[in-house]
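Participant: Quick one: sequence and predicted model below, then my questions.
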Amino acid sequence: LIQIDVVHIKTNFQIKRSIKLQPNANICLDIRNPISDYEIREKVVIDPTEFIEQDGNLGEKHNFNITWEGNKKKSVLTVLDPEATKTALKKSGKKGGKSKKGSSGGDSDPRMPRPYTEEDNGSYVPFIALECRGIEPYAFHPMGGEFVVRSEGGFVFDSEEVDLSEDDWADYDAENDISISISEFESKIDSV
């Protein structure tokens, strides 16, 4: 059974334009066996640029696999790029809700991951899409180095400068004389 899970983020921030995921950033998740409450793995780091070919089915590439106790078959997880996410959401057959006014996307599927913008302040926004077979991700952990922040003045703080591993971050945009802060970072994972 294929399941599409989406990591949503929510934060409060002061004077910034957007937060986005650094392309090809590693992702840290807690996962569990969906049919066994006691089989869990915490803080599994997944590299979306590293692909593994599934044994016996050379066409199926994924970013992470695990064989749970008592299973012969591997359970797999794939971090989806935007094109693969669109395709997977169409195949899922479920319809997304209406897009929030002010959120980027207009007619696009509101389940589609996108950058977190100033209009989203304090709301959950889809941020990362995952295709899972026999794995249930249940927590996302910022590690530092995976986010890029653009200030109101247009200055970009790259992933080397932005560390949300403690759920808060602050810096100063000297070019535009603006203080920037992100606080109360939260995430949740929903199946869509």
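Facilitator: Looks like it came in fine.

Participant: Need the three-state assignment for the nearest residue to F147 once chain neighbours are set aside.
Facilitator: The shortest distance from F147 to any non-neighbouring residue, by C-beta to C-beta, 6 or more residues apart in numbering, is to V162 (4.6 Å). C-beta here means a position set from N, CA and C on the backbone, and glycine is covered the same way. Using DSSP: H, G, I helix; E, B strand; the rest coil, the secondary structure recorded for V162 is coil.

Participant: check which helix or strand covers L89.
Facilitator: helix 82-92 (DSSP states H and E).

Participant: Wait, a strand at F13?
Facilitator: Yes. Looking at F13 with three-state DSSP, it is inside a strand.

Participant: check contacts around it.
Facilitator: Applying C-beta atoms under 8 Å, 6 or more residues apart in numbering to F13 gives the contacts 19, 118, 121, 180-183.

Participant: Could you rerun that using 7 Å?
Facilitator: Contact analysis of F13 by C-beta atoms under 7 Å, 6 or more residues apart in numbering lists 121, 181-182.

Participant: Next: T11.
Facilitator: Taking C-beta under 7 Å, 6+ apart, one finds 116, 182-186 in contact with T11.

Participant: gap between the residue nearest to F147 and A174?
Facilitator: 16 Å (C-beta to C-beta, to the nearest Å).

Participant: Neighbour count: those two, which is higher?
Facilitator: V162 (21 against 9; other C-beta atoms under 10 Å).

Participant: The more buried one and D168 touch, don't they?
Facilitator: No. With contact defined as C-beta atoms under 7 Å, V162 does not count as touching D168 (11.2 Å).

Participant: Q3 pairs with what?
Facilitator: C132 (DSSP bridges).

Participant: typo on my end, it should be I128
Facilitator: Beta-bridge partners, per DSSP bridges, of I128: V7.

Participant: on that earlier part again, then the helix holding L89 to PDB, C-alphas only?
Facilitator: What follows is helix 82-92, C-alpha atoms only, in PDB (Å, rounded to 0.1, in the frame of the first residue of the first chain):
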ATOM      1  CA  PRO A  82       7.800  18.700  -7.000                       C
ATOM      2  CA  GLU A  83       6.900  16.800 -10.200                       C
ATOM      3  CA  ALA A  84       6.700  13.400  -8.400                       C
ATOM      4  CA  THR A  85       4.600  15.100  -5.700                       C
ATOM      5  CA  LYS A  86       2.100  16.400  -8.300                       C
ATOM      6  CA  THR A  87       1.800  12.900  -9.900                       C
ATOM      7  CA  ALA A  88       1.400  11.200  -6.500                       C
ATOM      8  CA  LEU A  89      -1.200  13.600  -5.300                       C
ATOM      9  CA  LYS A  90      -3.200  13.100  -8.500                       C
ATOM     10  CA  LYS A  91      -3.000   9.300  -8.100                       C
ATOM     11  CA  SER A  92      -4.000   9.500  -4.500                       C
END
